[in-house]
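>>> Predicted model, plus sequence, below.
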Amino acid sequence: MSTLKEIILQHITWRRQILLLAKADIIKTYSGAALGWAWAIIKPVITISVFWFAFTYGIRSGHSVNGFPFAMWMIPGFMAWFYMNAMLTKGTTAIRNYRFLVTKMKFPVSTIPTFFSLSNLAIHLCLMVIVCLIFIATGNFPNLYWLQIFVYIFLMALFWTSWALFASMLGCMSKDFVNLIKSLSTAVFWLSGIMWDVNTVASDTIRHILYFNPVTFITTGYRNCFIYHIWFWEQPLQLGIYLGMLVVMIILAVWSYRKLIKEIPDVL
């Protein structure tokens with residue numbers, strides 16, 4: 001608990017610097033490009049367009065999902081994946097990429113994954129505005145269920161920020177861990193239900209195992225907001241599993257920080 005309090009206090013004390021560094025991270029990512037910030041939107045749009053074409057005119061032959069065009073069904077979950085994929089893979093090198101904050105100045109290490117998460121979250125919020133506009137343009141107007149998107153965004157950010165702290169601490173100690181996570185990212189994607197509905201799996205055992213993929217809860221939750229109109233508390237099993245994993249991830253993040261914080265400066 002003392003380590004957790006230390007991390008929380010660091011975030012409170014350095015909150016202004018965290019926001020400034022999140023802004024700087026976005027600028028650095030797209031600096032030197034003529035279109036700048038636009039690439040944060042262009043890349044996801046191109047990726048979604050390719051998958052939409054392949055599954056609409058190829059693999060699925062235009063079949064709908066629960067009465068919704070496949071593209072409309074796919075978009076909410078896919079938009080969430082761009083943030084989670086960045087945190088899953090690049091989050092493992094967040095501290096290593098900003099090693100100068102650790103080795104050349106006295107900056108709290110625990111806040112580095114946080115401002116990295118915030119920079120990606122800002123882009124995600126822009127993409128979600130586009131999702132809302134797409135649904136409105138196709139005649140699916142806002143309703144009360146849309147409000148719970150903020151609950152899912154909060155839960156998503158909290159889990160993956162904790163993951164980034166845990167993974168980036170280990171990533172500093174071992175490049176093999178970084179390579180392992182990058183190799184597993186494809187499996188996480190295809191087992192998450194982004195491109196197919198996890199709830200259609202016939203086996204209860206397999207379906208419940210798939211619920212332990214944190215990406216599954218968020219992608220399903222986004223669709224519950226825009227398509228199925230289901231409140232997050234109406235699926236207590238999925239919610240309980242995710243909250244349990246969130247607690248475990250916070251514990252692992254605090255544990256890794258307490259164990260490795262003194263070694264990180266020497267390793268970097």
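Arrived safely, thanks for sending.

>>> measure residue 213 to residue 13 for me?
The span separating residue 213 from residue 13 equals 35 Å under the rule C-beta to C-beta, to the nearest Å. Where C-beta positions appear, they are placed from N, C-alpha and C, glycine not excepted.

>>> of those two, who's got more company?
Between residue 213 and residue 13, counted using other C-beta atoms under 10 Å, residue 213 has the larger neighbour count: 20 against 12.

>>> Now for the more buried one: which residues touch it?
Applying C-beta atoms under 8 Å, 6 or more residues apart in numbering, one finds that residue 213 lies in contact with 188, 191, 192, 193.

>>> Over to residue 113?
Contacts of residue 113 (C-beta under 8 Å, 6+ apart): 91, 94, 95, 161, 164, 165, 168.

>>> Quick check: closest non-adjacent residue to the residue nearest the centre of the chain.
The centre of the chain sits closest to residue 84, judged by C-alpha atoms, centre = their mean, with a distance of 2.3 Å. Computed as C-beta to C-beta, 6 or more residues apart in numbering, the closest residue to residue 84 that is not its neighbour in sequence is residue 215, at 5.5 Å.

>>> how far does the helix or strand hosting the one you found sit from the chain's center?
In the assignment (DSSP states H and E), residue 215 maps to helix 214-223. Helix 214-223 has its average C-alpha position 10 Å from the chain's average C-alpha position, going by C-alpha atoms, centre = their mean, to the nearest Å.

>>> Show me the helices in the stretch 51-200 of the chain, by range?
Listed in chain order, the helices of the stretch 51-200 of the chain (DSSP state H, counting those that start in this stretch) span residues 70-89, 94-97, 99-103, 112-137, 149-173, 175-190.

>>> so which of those helices gets nearest residue 258?
With C-beta to C-beta, the closest approach to residue 258 among these belongs to helix 149-173: 9.8 Å.

>>> Report the angle between that closest one and helix 112-137.
150 degrees (axes from the mean of the first three to the mean of the last three C-alpha atoms, to 10 degrees).
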